[in-house]
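Engineer: just a sequence and a predicted model for now, questions to come.
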Amino acid sequence: MPINASPEFEKAWERYSSARTTKEKIAALQEAIKYMPKHKGAENLRAFIYRRLAELKRELQKEAERKSGGGGVRLIPKEGFQAVLFGFPNSGKTYILSKLTNAPVKPMEYPLATTEPTPGMMDVKGGKVQLVEVPSYFEGYDESKMGRIGLATMRATDAIILVIDLTQDPVEQVKTLVEFLRSEDIYLNKRPPNVRIEKRYSGGFEFIGESFMVGDRKTYIDILHTYGIHSATVTFLERTTPGDFILAVNESARFLPTILLGNKAELADERNVKAFLSIPNVEKVIYRDDAMDEVKEELFEKLGLIRVYTKPPREDPSPEPVVLRKGDTVRDLAARVLRGKEVKHARVWGSAKFPGQVVGPDYELKDGDVVELRT
């Protein structure tokens, strides 16, 4: 039990400890979260509660599927890079999807009109990004069929765009959506801890880079035991707290780049717009109909994407680019287009020091590069 826990938290924790059914455990943990201690000494407990809550919700979903005889949810097939539009009812997700992708969808006047994922393809100067609108958030989302479909889609996607209604409190919207997704083991704009865990059949634990561990060795061993790991080589490559380590061990955690897309700015109070733009540590875009090309380009940029054009020897570059992430290399491009063949080197026009420079597989590509791959 953490220091300075409130009586309300203690009661909720006792209910969780004595709960017999999955539903009872979920209800108790949800209550505990409301009164969870905020101080630094409770970091490990907070991480455990969010992780355990997500696991229990997935267990409940599997139980429901077994009872109904149904299988898992069907996902929208990914076409290249995919980003999901998620937000509150009437935030304008359907309208934005239709405007950015020309998808044949019509915004409805009533809330929760979207009951299943709806895809569209956004074209940004030839670079394609698949956008998928999922059902809007509501209380009890994770326990509904619509919510389970939405969560499954988000767990499988490459990035999330939170659509924020600027006529309402933007800070509260973001806080609610971020905390909900975190309770489902989906972490926004957070990179995975740089820790390598190699499970072994025997031999106990070997820790490499112990100087990066914050706290005592026993805490980390207890976390490994909690996840059923009793023998492993663990390599720490950066400063790691026990809370970070829980995320490293938790194989179900998803870490997704995220941007905030502010909508209805022309109807919003100026204070709401300023509050939206002041939200820290996350990329932001304000949507306007009269600047759609700029919005598309900004989304493309803030999602961390680049356009690269392939070129066969002695021929013109392909008119349609391959979309990659910033930081991707010649090797990453080859993996997308060579169907398993290994690239030996490439010639690059654009970011290279001189046109047609020969580079190796680890050369980092830039937006607009033209690349001639050699196998």
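Structural biologist: Arrived safely. Residues are numbered from 1 along each chain as shown.

Engineer: for the residue lying closest to Ala352 once chain neighbours are set aside, give me its contacts.
Structural biologist: Spatial nearest neighbour of Ala352, chain neighbours left out: Val359 (6.6 Å); criterion: C-beta to C-beta, 6 or more residues apart in numbering. C-beta: built from backbone N, CA, C; applies to glycine. Val359 makes contact with 330, 345-348, 352 under the criterion C-beta atoms under 8 Å, 6 or more residues apart in numbering.

Engineer: make a PyMOL selection of the buried ones in those residues.
Structural biologist: Buried members of the contacts of Val359, defined by 16 or more other C-beta atoms under 10 Å, are picked up in PyMOL with:
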select buried, resi 330+346+347+348+352
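
Engineer: contact partners of stretch 324-335?
Structural biologist: 81, 304-306, 308, 310, 322, 336, 341-343, 345-346, 348, 359-365, 371, 373.

Engineer: same thing but at 7 Å, please
Structural biologist: 304-306, 308, 322, 343, 346, 359, 361-365, 371, 373 (C-beta atoms under 7 Å, 6 or more residues apart in numbering).

Engineer: before we move on, what about stretch 139-150?
Structural biologist: 57, 61, 73, 115-117, 134-135, 151, 184.

Engineer: which one of the contacts of Val359 sits closest to Val234?
Structural biologist: Val330 (32.5 Å; C-beta to C-beta).

Engineer: phi, psi of that closest one?
Structural biologist: As for Val330, its main-chain torsions (degrees, to the nearest 10) stand at phi -60, psi -40.

Engineer: quick check, pLDDT for it.
Structural biologist: At Val330, the pLDDT value in this model is 95.

Engineer: now it: how far from Arg374?
Structural biologist: Here Val330 is placed at a distance of 10 Å from Arg374 (C-beta to C-beta, to the nearest Å).

Engineer: pull up the overlap in contacts between the two.
Structural biologist: Counting by C-beta under 7 Å, 6+ apart, the contacts common to Val330 and Arg374 are 343, 346.

Engineer: show me the contacts of stretch 324-335 that map onto strands.
Structural biologist: 305-306, 308, 322, 346, 359, 371, 373 (DSSP state E).

Engineer: pull the most distant pair out of the residues you listed.
Structural biologist: Top of the distance list for these (C-beta to C-beta): Leu305 and Val359, 20.8 Å.

Engineer: contacting residues around Lys93?
Structural biologist: With C-beta under 7 Å, 6+ apart, Lys93 has these contacts: 85, 87, 133, 163.

Engineer: quick check: pLDDT value at Lys67.
Structural biologist: 60.

Engineer: same question for the one 4 residues further on.
Structural biologist: At Gly71, the pLDDT value in this model is 53.

Engineer: what's the helix or strand for Arg331?
Structural biologist: Element membership of Arg331, judged by DSSP states H and E, is helix 330-337.

Engineer: go through that helix and flag the buried ones.
Structural biologist: 330, 332-334.

Engineer: measure how buried the residue lying closest to Asn250 once chain neighbours are set aside is and give me the count.
Structural biologist: Among residues not flanking Asn250 along the chain, Arg51 sits closest, at 5.6 Å (C-beta to C-beta, 6+ apart). Counted with other C-beta atoms under 10 Å, the neighbours of Arg51 add up to 22.

Engineer: residues in contact with Arg51?
Structural biologist: Going by C-beta under 7 Å, 6+ apart, Arg51 touches 185, 246, 250.

Engineer: could I get those as TSV with neighbour count, secondary structure and pLDDT?
Structural biologist: Formatted as TSV, those follow (neighbours: other C-beta atoms under 10 Å; DSSP: H, G, I helix; E, B strand; the rest coil; pLDDT from 0 to 100):
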residue	neighbour count	secondary structure	pLDDT
Asp185	22	coil	86
Ile246	22	helix	86
Asn250	19	coil	83
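
Engineer: what would those look like in TSV with distance to Ala42?
Structural biologist: Below are the contacts of Arg51 laid out as TSV (distance: C-beta to C-beta, whole Å):
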residue	distance to Ala42
Asp185	19
Ile246	13
Asn250	18
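
Engineer: pick the one among those residues closest to Lys199.
Structural biologist: Asn250 (14.1 Å).

Engineer: tell me the spacing between that closest one and Glu59.
Structural biologist: On the measure of C-beta to C-beta, Asn250 and Glu59 end up 15 Å apart.
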